[in-house]
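[1] Need coordinates for the below:
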Amino acid sequence: MKTYRTMALTLGLAAIASPFSTLAATPINQTRSLNPDGEIKVENISGLIKVRVWNEPRVQITGSLGEGVEKLIVEGDAKSLHIKVKYPDRKGWFNWGGGVNIKEATQLELMVPIKAALELEAVSANIDVQGSAAPRMSINSVSGDSSVLASSPGKLSVESVSGNVSLKLTSPQVSVNTVSGDVRMLGHLNGRLDVETVSGNVELDTPVLNQLHFNSVSGDGSFQTSLAGNGRIEMDSVSGSLRLALPKTSSVHFKVESFSGDISSAVGKVVKEEYGPGRSLDARLGEGKSNVNLNTMSGDVTIEIK
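    Numbers count the residues shown, from 1 in each chain. Coordinates of the predicted model:
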C-alpha cells in the first residue's frame, strides 16, 4: 500500500510540475513559396527576428523555438505570409491567470525575396534586417532593439518604446517614433524624414535631405546633413538640445527661437529679448533658398557651418 501511495504522490507531483518543466528548444526548418513582390508579417515576443534576402520566390524559416513555446504558425499563400510564434495560454491553479513566460527566447531567421514587403512586430525580441529593397517596411517593438542596415526600402516606418533604433540605408521616406529609445541614422535619406521622441536621443548623419521634421520633449537631437534646393527643416523641443551642422555652401534661411535656452550660431546674430527671457535668430546663409526653423522651450540650440 505504501508503494502505491508513493507512486501516486510522484505522479501527482509530476502532473503539477509539468506546465513548468523545462523543454528543450525546438529547431525550425520550413520553406514556403512567396512571390517576389509578396508580403510577409512576422510576430515574435522574445528572442530575435533576423531577416536576410535572396533572389528566390520563397521564404526559408530557420532558427529555434524557445523553451515552452507552443508552436510556430505559418499561414497564407504566395501573395502574403503570416509567421507567428504562439505561446501557450498558461492559466490554472498554479498560475493564477498569469501570462506567458517571455524569458524563453525564440530565434527566427528568415531568407526572403529581396523586394518582399515586410511587417515585423516584437515585444522584447531584437529585430535585425539587412539587404532589403522592400517597397514598404514596418517595424514595431516595445523593448527590443531594431536594426535596418544596407537596405533600400521605398518607405520605412519604425515604432519603439524603449528599444534603440539603428538605421543605415537609402530611402526617400522614413518615419521613426520612440518613447525613450535612442535613434542613430546613417546613409542616404534624401527625401522626407519624420522623427518623434519623448526622451530618446537622436543622431543623424546623411549627405542630403529634402525635408526633416523632428519633435522631442527631453531627448537631444544632433543632425549633420545638407539641404536640397528649397528643402525644409522643422525641429521642436521642450528641454532637449538641438544641434544642426550644415556645409558652408548651403543656401538657407534660419529662424530660431528659445524661451530660456541658449542659442549658439556660426551665422547671423542672436538677439536677446529686452524684457524677460527669450532669444531668437533670423539669418541667411547664401541666397537662403531652403528654410530651417528651430524652436525650444529650455533646450539649447547650436548651429554649425562646416
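[2] Tell me how many other residues surround Ile49.
    28 (other CB atoms under 10 Å). All C-beta atoms are positioned from the backbone trio N, CA, C, and that covers glycine.
[3] Glu273 now?
    10.
[4] May I ask you to confirm that it is in contact with Arg279?
    Yes: at 7.1 Å, Glu273 and Arg279 qualify as touching, with contact defined as CB atoms under 8 Å.
[5] which ones are touching the closest residue to Lys115 other than its chain neighbours?
    Leaving aside its sequence neighbours, Lys115 sits nearest to Ala133 (CB to CB, 6 or more residues apart in numbering; 5.3 Å). Listed by CB atoms under 8 Å, 6 or more residues apart in numbering, the contact partners of Ala133 are 53, 114-115, 151-153.
[6] Could you dump these into a markdown table with pLDDT and secondary structure added?
    A markdown table is the format used below for the contacts of Ala133 (pLDDT from 0 to 100; DSSP: H, G, I helix; E, B strand; the rest coil):
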| residue | pLDDT | secondary structure |
| --- | --- | --- |
| Val53 | 98 | strand |
| Ile114 | 98 | coil |
| Lys115 | 98 | coil |
| Ser151 | 95 | strand |
| Ser152 | 96 | coil |
| Pro153 | 97 | coil |
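[7] ok, of those residues, which one's closest to Ser80?
    Distance to Ser80 across these (CB to CB) is lowest for Lys115, with 14.2 Å.
[8] And that closest one, how far from Val53?
    8 Å (CB to CB, to the nearest Å).
[9] Settle it for me: which of these two has more neighbours?
    Each of Lys115 and Val53 has its neighbours counted (other CB under 10 Å); Val53 has more, 21 against 18.
[10] Pretty sure Ala240 sits in a helix.
    No Ala there; residue 240 is Gly. No: Gly240 is assigned coil when assessed by DSSP: H, G, I helix; E, B strand; the rest coil, not a helix.
[11] Local confidence estimate at it?
    Gly240 is assigned a predicted lDDT (pLDDT) of 98.
[12] That one reaches Asn215, doesn't it?
    No: when contacts are counted by CB under 8 Å, Gly240 is not listed as touching Asn215 (9.8 Å).
[13] So for the two, which sits in the more crowded spot?
    Taking neighbours as other CB under 10 Å, Gly240 and Asn215 compare with Gly240 leading, 27 against 18.
[14] Let's see stretch 195-202 as PDB, backbone CA atoms only.
    Once non-C-alpha atoms are left out, stretch 195-202 reads as follows in PDB (Å, rounded to 0.1, in the frame of the first residue of the first chain):
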ATOM      1  CA  VAL A 195      11.300  61.700 -36.200                       C
ATOM      2  CA  GLU A 196       9.400  61.900 -32.900                       C
ATOM      3  CA  THR A 197      10.700  61.000 -29.400                       C
ATOM      4  CA  VAL A 198       9.900  61.700 -25.800                       C
ATOM      5  CA  SER A 199      13.300  61.300 -24.100                       C
ATOM      6  CA  GLY A 200      15.400  59.300 -26.600                       C
ATOM      7  CA  ASN A 201      18.400  60.900 -28.100                       C
ATOM      8  CA  VAL A 202      18.600  61.100 -31.900                       C
END
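[15] pLDDT of it, averaged?
    So the average pLDDT for stretch 195-202 ends up being 98.
[16] likewise stretch 278-288?
    95.
[17] Show me which residues of stretch 133-151 are buried.
    Buried residues in stretch 133-151, counted by 16 or more other CB atoms under 10 Å: 133-134, 137-148, 151.
[18] Endpoint to endpoint, that stretch covers what distance?
    6 Å (CA to CA, to the nearest Å).
[19] Out of the contacts of Ala133, which is nearest to Asn164?
    For the contacts of Ala133, with Asn164 as the reference and CB to CB as the criterion, the closest is Ser151, at 17.3 Å.
[20] what's near enough to touch the closest one?
    129-134, 137, 169-171.
[21] Bridged to it, which residues?
    Leu169 (DSSP bridges).
[22] returning to what we had before: what is in contact with Glu273 and Arg279 at once?
    Counting by CB under 8 Å, 6+ apart, nothing touches both Glu273 and Arg279.
[23] For this protein, just list every one of the helices.
    With DSSP state H as the criterion, the chain has helices at 2-17.
[24] Pull out the buried positions in the longest strand along it.
    Looking across the chain with DSSP state E, the single longest strand is strand 227-237. Residues of strand 227-237 classed as buried by neighbour count (16+ other CB under 10 Å): 227, 231-233, 235-237.
[25] Check those residues against Asp182 and report the nearest one.
    For the buried residues of strand 227-237, the nearest to Asp182 is Ser237 (15.3 Å; CB to CB).
[26] For Gln30, see how far away the residue lying closest to Asp37 once chain neighbours are set aside is.
    Closest residue to Asp37 in three dimensions, ignoring its sequence neighbours and counting by CB to CB, 6+ apart: Lys115, at 5.7 Å. Look at Lys115 and Gln30: by CB to CB, they are 21 Å apart.
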